[in-house]
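Peer 1: Okay, predicted coordinates and the sequence, questions at the end:
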Amino acid sequence: MTATFHYRENVLYCEDVELSRITAETGTPCYVYSTDALREGYLAYERALEGAPHRVCFAVKANSNLSVLRLLGELGAGFDIVSGGELFRVLKAGGDPSKVVFAGVGKTREEIEFALGQGIFGFNCESEAELALISSLAVRLRKTASVSVRVNPDVDAQTHPYISTGLREHKFGIDIAEVEQVYERARLLPNLALNGVSCHIGSQLLDAAPLIESARKMISLAERLRTRGFDIHHLDLGGSIGVPYQPGEVQPDLAGYLTAVRLLIEGKDLTLMFEPGRWVAARAGALLTRVLYRKRNGEKEFMVVDAAMNDLIRPALYQAWHEIQPLRKNQFGTVLADVVGPICESGDFMARDREVVNALPGDTLALLNAGAYGFTQASNYNARPRACEVLVDGAAWRIVRRRETFEDLIRGEE
Ligand code: LLP
């Protein structure tokens, strides 16, 4: 549980709103986000970096709801995008393009042109071919593109293999052993300002040590590049530190990590950039779902709920663990069960062999820590309309994305 989602007399609240008041109007499944938690997640970065030159760019892939982006933008956040669609969302939410960094291994010509046209802060480039393309498009549009090469520092993030990115065997970035030659060759390309270095070794790191090790490698790279005459003025260290999902996982010390990095760059005249997604959004959100049925197959007990892997794919894809709590505590204790969705796949589960609240059909449950990579990874699989999204602010709440309808499902089809 978090301070954001908490019980008052056996009733679950988000800030000052009783969650069952929301579902009474919206139905389920429904994502609920806390304004306060989003703000605090972002401000934790700002506070720890105060006084050091820095920019915090929220990773839009974690939660791209327009109201969430607007809230963060108003607090001063920049944005880390990985597609033209994410840039479109940032602009629609009033985000400042001059605070946008564009990452990703497969940027298309159209996306690069769009980003150059909007005057984004810069590109984190992942290959020499991409550098050449950005250069040629910048020449055509008579712009100078600010670029950092995304470096693969060859540090093991020790996180889930699907979200670990900093080893040589991964598709991301350019090997740190070769990157200086890449900058040298890129020096010859017109209309590029090679003024930064970037890396991102993985997501959901519960230990800051690999992050600090890669920061150290990146700082010495920045210094070597300066010796070669490159005007490196920023160092982008990628995403956030992890958040605890399971009991027993300890919350990493974000301020300690950021302070360690600040000490490393002291006196080096480098602007620090970070691209946190999970840290800002995960704990700010819950997915609310209703129990449809209880059933027993042999020895196994199943709780069938109305949210499925199309709504929250994290358990199916990363064996992720989301805490499950009832909207109203009952007197029936707990039960060892699989909590599963309606989709026709055995991988469609929210929890497996878990001691969960002994909820009955009609009861509503909250899957906690679902504010990052929840709705953004939702799909229409099994022709299921996507859930609605709600933003809570104190005692007030509003729907910030309506539930999809059947008509939404066939929009654009013949
Ligand atoms: N920057 C880059 C270049 C990234 O690739 C990512 C995440 C981030 C920043 C943000 O990382 P964060 O602060 O959120 O850890 N869908 C997965 C997570 C995928 C992360 C991909 N990249 C999940 O649900 O756990």
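Peer 2: That came in fine, so what should we check first?
Peer 1: Next up, the contacts around Val182.
Peer 2: Glu128, Leu131, Val149, Ile174 (C-beta atoms under 8 Å, 6 or more residues apart in numbering). Just so you know, the C-beta spots here come from the backbone N, C-alpha and C atoms, and that holds for glycine as well.
Peer 1: Which one of those sits in the busiest neighbourhood?
Peer 2: Val149 (27 neighbours; other C-beta atoms under 10 Å).
Peer 1: where's that residue relative to Phe172, distance?
Peer 2: Counting by C-beta to C-beta, to the nearest Å, the gap from Val149 to Phe172 is 12 Å.
Peer 1: same question, Glu40
Peer 2: From Glu40 over to Phe172 the distance is 30 Å, taken as C-beta to C-beta.
Peer 1: Please apply the same query to Glu130.
Peer 2: Separation of Glu130 from Phe172 (C-beta to C-beta): 12 Å.
Peer 1: Surely Gly173 and Cys199 touch.
Peer 2: Yes - counting by C-beta atoms under 8 Å, Cys199 is a contact partner of Gly173 at 6.6 Å.
Peer 1: which of the residues in the host helix or strand of Ile212 are buried?
Peer 2: With secondary structure defined by DSSP states H and E, Ile212 is part of helix 209-227. Within helix 209-227, the residues scored as buried using 16 or more other C-beta atoms under 10 Å are Pro210, Leu211, Ile212, Ser214, Ala215, Lys217, Met218, Ile219, Leu221, Ala222, Leu225.
Peer 1: The helix or strand following it - contacts with which helices or strands?
Peer 2: Counting by DSSP H and E, the next helix or strand C-terminal to helix 209-227 is strand 234-236. Strand 234-236 is packed against strand 192-198, helix 209-227, strand 271-274, with contacts defined by 3 or more C-beta pairs under 8 Å, 6 or more residues apart in numbering; DSSP states H and E.
Peer 1: okay, the ones you listed in a markdown table with distance to Asp393 and mean pLDDT next?
Peer 2: As requested, these are arranged in a markdown table below (distance: least, C-beta to C-beta, whole Å; pLDDT from 0 to 100):
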| stretch | distance to Asp393 | mean pLDDT |
| --- | --- | --- |
| strand 192-198 | 34 | 98 |
| helix 209-227 | 32 | 97 |
| strand 271-274 | 25 | 98 |
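Peer 1: dump the residue contacts of Glu86.
Peer 2: Counted by C-beta under 8 Å, 6+ apart, Glu86 has contacts Val60, Lys61, Ser64, Phe79.
Peer 1: now the second one: how far from the ligand?
Peer 2: Remark: distance between Lys61 and the ligand (C-beta to the nearest ligand atom, to the nearest Å) = 6 Å.
Peer 1: now swap in the last one and tell me
Peer 2: With the distance defined as C-beta to the nearest ligand atom, Phe79 ends up 11 Å from the ligand.
Peer 1: now for the host helix or strand of that residue, which elements pack on it?
Peer 2: Secondary structure from DSSP H and E places Phe79 in strand 78-81. Here strand 78-81 is seen to pack against strand 54-59, helix 66-74, helix 84-92, strand 100-102 when contacts are counted using 3+ C-beta pairs under 8 Å, 6+ apart.
Peer 1: For the chain, which residues are neighbours of the ligand?
Peer 2: Counting by C-beta under 6 Å from any ligand atom, the residues of the chain lying close to the ligand are 59, 62, 80, 103, 163, 200, 203-204, 238-240, 275-279, 314, 318, 372-373, 377.
Peer 1: so how far is the longest strand belonging to the chain from its chain's centroid?
Peer 2: Determined from DSSP state E, the single longest strand within the chain is strand 285-297. Relative to the chain's own centre, strand 285-297 is displaced by 25 Å; criterion: C-alpha atoms, centre = their mean, to the nearest Å.
Peer 1: Next, the angle from it to helix 66-74.
Peer 2: Taking axes from the mean of the first three to the mean of the last three C-alpha atoms, to 10 degrees, one finds strand 285-297 and helix 66-74 inclined to each other by 140 degrees.
Peer 1: Export the helices and strands packed on strand 234-236 as CSV, with columns for distance to Leu19.
Peer 2: As requested, the helices and strands packed on strand 234-236 are exported to CSV (distance: least, C-beta to C-beta, whole Å):
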stretch, distance to Leu19
strand 192-198, 39
helix 209-227, 34
strand 271-274, 31
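Peer 1: Ala286 contacts Leu368, doesn't it?
Peer 2: Yes - using C-beta under 8 Å, Ala286 is in contact with Leu368, at 5.2 Å.
Peer 1: Of all the residues in the chain, which one is nearest the ligand?
Peer 2: Per C-beta to the nearest ligand atom, Gly239 is where the chain lies closest to the ligand, at 2.4 Å.
Peer 1: residues contacting that residue?
Peer 2: Ala59, His200, Gly202, Ser203, Phe274, Glu275, Pro276, Gly277, Arg278.
Peer 1: Counting neighbours, show which residues of stretch 170-188 come out buried.
Peer 2: His170, Phe172, Gly173, Ile174, Ile176, Val179, Glu180, Val182, Tyr183, Ala186.
Peer 1: State the mean pLDDT of it.
Peer 2: Averaged over stretch 170-188, pLDDT sits at 93.
Peer 1: and it, how far apart are its ends?
Peer 2: 28 Å (C-alpha to C-alpha, to the nearest Å).
Peer 1: Stretch 353-361 now?
Peer 2: 19 Å.
Peer 1: which other residues reach it?
Peer 2: Contacts of stretch 353-361 (C-beta under 8 Å, 6+ apart): 291-294, 303, 324-326, 329-330, 332-339, 365.
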